[in-house]
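Q: how would this look folded up:
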Amino acid sequence: MSPALELETNSETEDRQAGTLRRLTSAAAGSRIGVTEVIALIVLALAAVAALWPGLLTGVDPLTGNPADRLLPPSAEHVFGTDQLGRDVFSRTVHGSAQTLSASLAAVLIGVGVGVLLGLLSGYFTGAVDAIFMRTVDVLQAVPGLLLSMAVITALGFGTLNVAVAVGVAAVPSFARLTRAEVIRWRAAEFVRAARADGLSAAAVLARHILPQVKGPIGALLALEFGSAVLAVSALSFLGFGAPPPQPEWGLLVSEGRDFLAAAWWMTTFPGLVVAAVVLAANRLSHAVNSEKGFR
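A: Alright, predicted model coming up:
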């Protein structure tokens, strides 16, 4: 190969590599995923793995303890230490993920399902429909969320499923008000008025033209409400409204350790830090979705 041809070939290779680097740099800049978003995704991914496949993270039985190992501090063998019955706190925290996160997810699905439906109907139809639905939402919103959840649990009974329903009812007003505001914003748009003039039914207009426009704000609120649901479910479990002992649940683990706080701080600290990490991660992703620097 002649020196001129070799120089041309090397130049073409460098141009291709530079073009590939520019495309990768442009894609990374377009996604605008920062370090905090990556950490939040990792935290939520670990929480999901703990809830779905706890055996991947620990092989210790969360319900069986060794009295000889009671109240052991954190170590290589027991990362989160042990409780008053010699049970591994890390294993109980991992296995408690399923109870807390499933209840939180169910609560958010109830809140978004009922709230979005009320918001769509209330924002699209005026008059009596809007008045009835919004006054109902006002009544729910007038009561603090935790107090409303406790009232619902008192009516339904204790248990994780009832906790999920109670927290879901408390989340309805947030989704309903946001959806109504977005529907009112978009129902006067030209494409919506054109669809109505073409004879489309109200259900078709809402499903095809308005709902796709409001799914972005709803998605951001969904992430935020999931973090709030985790906190609410843990609080209700802490108060004794969730799964009964010895079933592990994050709030229950914190509650069990409060009597041993002076001698065994790890019983409450590590489950509490897990709750805080998941809530903060969900809030960070909500902020990322809802801001100009978030995901697109």
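
Q: List the contacts of stretch 206-213.
A: 120, 124, 182, 183, 186, 187, 191, 192, 195, 200 (CB atoms under 8 Å, 6 or more residues apart in numbering). Glycine gets a C-beta too; all of them are placed from N, C-alpha and C.

Q: One more: stretch 251-261?
A: By CB under 8 Å, 6+ apart, the residues outside stretch 251-261 that reach it are 71, 83-84, 89, 92-93, 96, 100, 233-240, 242-243, 245, 264, 266-268, 271-272, 275.

Q: Show me which of the residues you listed are buried.
A: Neighbour counting with 16 or more other CB atoms under 10 Å marks 83-84, 89, 92-93, 96, 100, 233-238, 242-243, 264, 266-268, 271-272, 275 as buried within the contacts of stretch 251-261.

Q: what residues are up against the closest residue to residue 214 other than its chain neighbours?
A: The shortest distance from residue 214 to any non-neighbouring residue, by CB to CB, 6 or more residues apart in numbering, is to residue 182 (3.9 Å). Applying CB under 8 Å, 6+ apart, we find residue 182 in contact with 119, 123, 210, 213, 214, 217, 218.

Q: and the gap between residue 182 and residue 206?
A: 12 Å (CB to CB, to the nearest Å).

Q: And for residue 78?
A: With distances taken as CB to CB, residue 78 is found 54 Å from residue 206.

Q: sorry, back to before: inside helices: which ones of the buried ones among the contacts of stretch 251-261?
A: Residues of those located in helices (DSSP state H): 89, 92-93, 96, 100, 233-238, 266-268, 271-272, 275.

Q: Got phi/psi on the residue nearest the centre of the chain?
A: For the chain, the residue whose C-alpha lies nearest the mean C-alpha position (CA atoms, centre = their mean) is residue 226; its distance is 3.0 Å. When read as degrees, to the nearest 10, the backbone of residue 226 gives phi -60, psi -40.

Q: what's the closest non-adjacent residue to residue 100?
A: With CB to CB, 6+ apart as the criterion, residue 100 has its nearest non-adjacent residue at 4.5 Å, and that residue is residue 250.

Q: quick one, what contacts the one you found?
A: So residue 250 contacts 93, 96, 97, 99, 100, 234, 237, 271, 274, 275 (CB under 8 Å, 6+ apart).

Q: What about the third one, how many residues nearby?
A: Other residues near residue 97 number 23, with proximity taken as other CB atoms under 10 Å.

Q: Next: residue 258.
A: Residues near residue 258, counting by other CB under 10 Å: 10.

Q: out of the contacts of stretch 206-213, what pair is the most spread apart?
A: Of all pairs drawn from those, the greatest distance, 19.1 Å, lies between 182 and 200 (CB to CB).

Q: From residue 231, how far out is residue 164?
A: Computed as CB to CB, the residue 164 to residue 231 distance reads 14 Å.

Q: Among these two, which residue is more densely surrounded?
A: Applying other CB under 10 Å to residue 164 and residue 231 shows that residue 164 carries more neighbours, namely 25 against 22.

Q: Isn't the more buried one up against residue 230?
A: No - counting by CB atoms under 8 Å, residue 164 stays clear of residue 230, with 11.5 Å between them.

Q: Pull up the overlap in contacts between the two.
A: Shared contacts of residue 164 and residue 230 (CB under 8 Å, 6+ apart): residue 104.

Q: so who does residue 112 touch?
A: Residue 112 neighbours (CB under 8 Å, 6+ apart): 171, 175, 218, 222, 225.

Q: separation between the third one and residue 282?
A: Yep, that's residue 218 we're talking about. Taking CB to CB, one finds residue 218 at 15 Å from residue 282.

Q: Equivalent analysis for the fourth one, please.
A: From residue 222 over to residue 282 the distance is 9 Å, taken as CB to CB.

Q: show me what contacts residue 279?
A: By CB under 8 Å, 6+ apart, the contact set of residue 279 is 227, 228, 230, 231.

Q: Name the nearest residue to the third one, sequence neighbours excluded.
A: Excluding its sequence neighbours, the residue lying closest to residue 230 (CB to CB, 6+ apart) is residue 104, at 4.6 Å.

Q: Please identify which helix or strand holds that neighbour.
A: helix 89-124 (DSSP states H and E).

Q: follow-up on the earlier one: in terms of neighbours, single out the busier of residue 218 and residue 282.
A: Each of residue 218 and residue 282 has its neighbours counted (other CB under 10 Å); residue 282 has more, 26 against 18.
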